[in-house]
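Undergrad: Give me a model of this one.
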Amino acid sequence: MSYLRLVTERLELTAGSLALSQAELQDRTRFHELLNAQVVEWPPRGCDEQAMTSMRDYFAENPNDSGWGAWYFILRGSNEEERVLIGNGGFKGSPSSDGSVEVGYSIVDRFQRKGYATEAVQSLVAWAFDYQEVRRVLAEALPENTPSIRVLEKNGFRYIGQGSEEGVIRYEITREDFIQRTGRLDAVVTTPLAGGRRQV
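TA: Now for the predicted structure:
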C-alpha cells in the first residue's frame, strides 16, 4: 500500500488514510505494520480516542483528501528497525473557500524539546503552499502553551487574535509571508511512499 509522504532531515511524515485510522483505533499491530515503524508510546497528549475517531470518520467521508487530514511523524533511524512513531499532526480538512487551512501537531512526551515539531510543521506548511488555492495556514494554541507557540513563531506564524474557542489564541502565516520567508514555493514535492523519497 502506498502512502503520501514527506521526508525532512530527521523525519518521515506519512499522510493518514482510512486504513491507518482504523488500525490506530482497533489494531495496534496492524498500525505498526502499515507505518513500518515502532509504536512505543501512543497516542501523544491531546490526541484522544474522540480525536482519532473523528479523523477516521473524516477519511471515510473524504477518501480523496489525502494530505488534508492527519499525518504521522516517524523518526528515521539508520535502518528500518530503528524507525519510531513520535507524533502526529496535519490539517483539519482541505482548503476553505477563502483559501485557509488549519494545522495542528503533537509530539509524545519523551521526544519533546528536540525540534521535531518545528521540523514537521515546516514541512507541512511548505506542502500546503504547494497548492495555489492555499492563501494562509492557521494554527491555534493556549496562551500558556509556550512550547507550541514557539514552534509556530519559528515557522513564521504571527499572532492574529482570539481563536475559535474561549481562551484559545490564533496564529497565521500567509502565502506572501511564506514567499518572503523562504524565497520560493518549491520547498516540497509530494510522492507516494512507494515512489521514492523527496527531500525538504
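
Undergrad: Need the pLDDT of the closest residue in space to residue 99 that isn't next to it in sequence.
TA: Sequence neighbours aside, residue 135 is the residue nearest to residue 99 in space, at 3.1 Å (criterion: C-beta to C-beta, 6 or more residues apart in numbering). For glycine as for every other residue, the C-beta is placed from the backbone atoms N, C-alpha and C. pLDDT recorded at residue 135 is 97.

Undergrad: Phi first, then psi, for the residue sitting furthest away from the middle of the chain.
TA: Ranked by distance from the centre of the chain (C-alpha atoms, centre = their mean), the top residue is residue 166, with 24.1 Å. Residue 166 adopts backbone torsions of phi -60, psi 130, taken as degrees, to the nearest 10.

Undergrad: and the gap between it and residue 112?
TA: Distance from residue 166 to residue 112, counting by C-beta to C-beta, to the nearest Å: 26 Å.

Undergrad: Helices along the chain, start to end?
TA: Per DSSP state H, the chain carries helices over the ranges 18-26, 28-35, 49-61, 116-129, 146-154, 175-182.

Undergrad: Let me have those helices in a markdown table, adding distance to residue 73 and mean neighbour count as columns.
TA: Listed next are the helices of the chain as a markdown table, based on distance: least, C-beta to C-beta, whole Å; neighbours: other C-beta atoms under 10 Å:
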| stretch | distance to residue 73 | mean neighbour count |
| --- | --- | --- |
| helix 18-26 | 13 | 18 |
| helix 28-35 | 10 | 15 |
| helix 49-61 | 15 | 15 |
| helix 116-129 | 5 | 23 |
| helix 146-154 | 13 | 17 |
| helix 175-182 | 21 | 14 |
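
Undergrad: Same list (the ones you listed) but as JSON lines, adding distance to residue 89.
TA: Formatted as JSON lines, the helices of the chain follow (distance: least, C-beta to C-beta, whole Å):
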{"stretch": "helix 18-26", "distance to residue 89": "14"}
{"stretch": "helix 28-35", "distance to residue 89": "15"}
{"stretch": "helix 49-61", "distance to residue 89": "11"}
{"stretch": "helix 116-129", "distance to residue 89": "6"}
{"stretch": "helix 146-154", "distance to residue 89": "10"}
{"stretch": "helix 175-182", "distance to residue 89": "18"}
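
Undergrad: Need those helices in TSV (columns: mean pLDDT).
TA: As requested, these are exported to TSV (pLDDT from 0 to 100):
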stretch	mean pLDDT
helix 18-26	96
helix 28-35	95
helix 49-61	95
helix 116-129	97
helix 146-154	97
helix 175-182	94
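
Undergrad: which residues does residue 74 bridge with?
TA: Taking DSSP bridges as the rule, residue 74 bridges to residue 12, residue 85.

Undergrad: Compare the helices of the chain and give me the one nearest residue 108.
TA: helix 116-129 (9.7 Å; C-beta to C-beta).

Undergrad: contact partners of that closest one?
TA: 6, 8-11, 13, 67, 71, 73, 75, 86-87, 89-91, 101, 103, 105-107, 134, 137, 147-148, 150-152, 154-155, 173, 175, 178, 182, 185, 187-188, 190, 200 (C-beta atoms under 8 Å, 6 or more residues apart in numbering).
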